[in-house]
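Participant: I would like to see how this sequence folds:
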Amino acid sequence: MKVLLIKDVYKLGRAGDVKRVADGYGRNYLLPQGLAVLATPGALKQVEAIRARAAAQRAEQNKEMSGLADLLKNVVLTFPARAGETGKLYGSITTAMIAEALSKKVGATISRHQIEAEPIRNLGEFRVLVRLTVDLIPEIRVIVHREGEVVELPSTETPAEDVVAEGDQA
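Facilitator: Now for the predicted structure:
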């Protein structure tokens, strides 16, 4: 099925693109959600108008979120966790836990769906991407350390409040 995207769709394309998608995906998700229309000759005549409207909307969103992106660039989150001798965690640090800690630290609502990372299952320092808009993706640092250990951060950064992983309470 060929569809014309009306809005930006994550991991598919931007507004105004014509994409070939599976029939079920188009019929059951893209069309009912108003994200796309069938790529008919009449719809294809509107491509430039859709692209212009989407570009203006994208620029407005980027302008609104740029302040939050600047805040997120210097964020360091620390998570104490129980781990074995090899550094493997008894559990994991999930995107939901990262989003909750980030929301508390920054004061803005961050969804777990905006966090681009696999669950963290080892001790160490990790770089995690936060997808605010299609074009605005700041990177934060997540440090997972053994419970009871003190983490030393560079003096320019302030540590996040230690967040106890679910199921790790004593």
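Participant: wait, what's in contact with residue 12?
Facilitator: 5, 19, 21 (Cβ atoms under 8 Å, 6 or more residues apart in numbering). C-beta coordinates here come from the backbone N, C-alpha and C atoms, glycine included.
Participant: most neighbours, which of the residues you listed?
Facilitator: residue 5 (24 neighbours; other Cβ atoms under 10 Å).
Participant: quick one: pLDDT of that residue?
Facilitator: pLDDT recorded at residue 5 is 93.
Participant: ditto for the one 5 residues further on
Facilitator: Confidence at residue 10, expressed as pLDDT, is 84.
Participant: burial count for it?
Facilitator: Neighbours of residue 10 under the rule other Cβ under 10 Å: 8.
Participant: can you give me phi and psi for it?
Facilitator: When quoted as degrees, to the nearest 10, the phi and psi of residue 10 stand at phi -60, psi 130.
Participant: Give the phi and psi angles for residue 117, as a check.
Facilitator: Dihedral angles for residue 117 - degrees, to the nearest 10 - are phi -160, psi 150.
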